[in-house]
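>>> Sequence and predicted structure are below.
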Amino acid sequence: MDASRKRHPIQTVLLLLFCSGVLAATGSAASAVPPGGDPAPPRHPILGPYPARTAIRPDAVTSGNLLYHGGSVMHQSKSYAIYWVPSGWSIVSGYRTIINSYFTAAARDSGGSQNVYSTLTQYYDGRGPIAYSQTFGGSTTATDPFPRNGCPPYGGLPVCVTDEQVLAQIRRVMTAKSWTGGPTHAFFLFLPKGVGTCEDAAGTGCAFSAFCAYHSWSGMGATEVLYANMPYADTRPEACGTGQRPNNSDADDTLNVTSHEHREMINDPNGDAWYDAYGNEGSDKCAWRFGTPLGRTATGTYNQVISSHVYWLQEEWSNARSGCVQRGV
């Protein structure tokens, strides 16, 4: 079976099956249309789920280099951060500031070779190679109430939102802020601590057991929405935490998975560009691998310096090195 057929539409399911040793047949990607006949473009399969520590795929590093499958990459990217924090919910002080500063720092370092994003410049599509060219489009805090649970609550978490509900909220914010979609815009929706999220109403593949974050897309062309679902990593630090807090914040753990999804959105935005023979995207292959520390703050170790800010981020796969690297090709 060729790689495109082995690439399962719901990769979180594969993560669970690899851990339990169960074999399952893969299916074709199914389009989902919101209830009520909403004419909005269908959602697509979730991609590049950052595996929880208990759901790491054993084939990720040993399955060879990334292969090009003909799809588009993001030659430049503009990122937006959405914090969905309804009344009665909260995130720790400084969380938003640190995450926003990260996107700003990554943009300021554009064109350089000193951080993990520079590794992506070896990948390409029919229009040429990826350029390390980023901007930060801004952030907003949405206080809209959470909808009725779209998936069964689990693990003592009182709220569970589905991928469909996450996408609907992103679209709502885009409309309110007059933010536009398109193949160079990336939207990150950050949930508060204590909120669960699953891929669908059946509770297929949920945060903190199958994944720590994932990316996906809806639509195409100028109205395409490239997005990432970002649960609060420290809701379950044993599953999604790194053990290092160089900025002394819960944001440190969230930024590790944010960086993972952002990089995968750049070189495999629609699931048809760069992944290996087993369907692993570049950051999947290096999940939970951090390399050699560069230094330490008073509160934690760091391995990345991005525009003078320090972070503890997983490495990225380099085809040129056939391995995980912290920076460069």
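Received the coordinates, thanks. Residues are numbered from 1 along each chain as shown.
>>> part of a strand, is residue 99?
No. Read with DSSP: H, G, I helix; E, B strand; the rest coil, residue 99 is helix and lies in no strand.
>>> That one: neighbour count?
Counted with other C-beta atoms under 10 Å, the neighbours of residue 99 add up to 22. Every C-beta, even on glycine, is put in place using the N, C-alpha and C of the backbone.
>>> what do you get for the one 4 residues further on?
By the other C-beta under 10 Å criterion, the neighbourhood of residue 103 contains 24 residues.
>>> The one 5 residues further on too?
As a burial measure, residue 108 scores 16 neighbours (other C-beta under 10 Å).
>>> Can I get the top helix by length along the chain in CSV, CA atoms only?
The longest helix of the chain (DSSP state H) is helix 251-267. C-alpha atoms of helix 251-267 as CSV (Å, rounded to 0.1, in the frame of the first residue of the first chain):
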residue,chain,number,x,y,z
ALA,A,251,2.9,28.7,28.7
ASP,A,252,6.3,26.9,28.4
ASP,A,253,4.6,23.5,27.9
THR,A,254,1.9,24.9,25.6
LEU,A,255,4.6,26.5,23.4
ASN,A,256,6.4,23.2,22.9
VAL,A,257,3.3,21.8,21.2
THR,A,258,2.5,25.1,19.5
SER,A,259,5.9,25.1,17.8
HIS,A,260,5.3,21.5,16.8
GLU,A,261,1.9,22.3,15.1
HIS,A,262,3.1,25.5,13.6
ARG,A,263,6.0,23.8,11.8
GLU,A,264,3.8,21.1,10.5
MET,A,265,1.3,23.6,9.2
ILE,A,266,4.2,25.2,7.3
ASN,A,267,5.5,22.1,5.5
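>>> I'd like to know how far the residue positioned nearest the centre of the chain sits from residue 212.
Geometric centre of the chain, nearest residue: residue 261, 2.5 Å, by C-alpha atoms, centre = their mean. Going from residue 261 to residue 212 by C-beta to C-beta, to the nearest Å gives 9 Å.
>>> Common neighbours of those two, please.
Common contacts of residue 261 and residue 212 (C-beta atoms under 8 Å, 6 or more residues apart in numbering): residue 50.
>>> Just give the number of residues close to the closest residue to residue 206 other than its chain neighbours.
Distances taken as C-beta to C-beta, 6 or more residues apart in numbering place residue 198 nearest to residue 206, at 4.1 Å, with adjacent residues excluded. By other C-beta under 10 Å, the residues close to residue 198 number 27.
>>> Check residue 198 and give its pLDDT.
If you check residue 198, the pLDDT there is 98.
>>> residue boundaries of the strands in the stretch 201-329 of the chain?
For the stretch 201-329 of the chain, the strands defined by DSSP state E, counting those that start in this stretch occupy 211-218, 225-230, 274-275, 295-296, 301-302, 304-306, 309-311, 316-318, 323-325.
>>> Let's have those strands in JSON lines, adding mean neighbour count, distance to residue 74 and mean pLDDT.
Below are those laid out as JSON lines (neighbours: other C-beta atoms under 10 Å; distance: least, C-beta to C-beta, whole Å; pLDDT from 0 to 100):
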{"stretch": "strand 211-218", "mean neighbour count": "27", "distance to residue 74": "11", "mean pLDDT": "97"}
{"stretch": "strand 225-230", "mean neighbour count": "26", "distance to residue 74": "8", "mean pLDDT": "98"}
{"stretch": "strand 274-275", "mean neighbour count": "28", "distance to residue 74": "11", "mean pLDDT": "98"}
{"stretch": "strand 295-296", "mean neighbour count": "11", "distance to residue 74": "31", "mean pLDDT": "99"}
{"stretch": "strand 301-302", "mean neighbour count": "20", "distance to residue 74": "26", "mean pLDDT": "99"}
{"stretch": "strand 304-306", "mean neighbour count": "23", "distance to residue 74": "18", "mean pLDDT": "98"}
{"stretch": "strand 309-311", "mean neighbour count": "21", "distance to residue 74": "21", "mean pLDDT": "99"}
{"stretch": "strand 316-318", "mean neighbour count": "26", "distance to residue 74": "15", "mean pLDDT": "98"}
{"stretch": "strand 323-325", "mean neighbour count": "18", "distance to residue 74": "20", "mean pLDDT": "97"}
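>>> for those, which one sits closest to residue 237?
Residue 237 sits nearest to strand 211-218 of all the strands of the stretch 201-329 of the chain, at 10.5 Å, using C-beta to C-beta.
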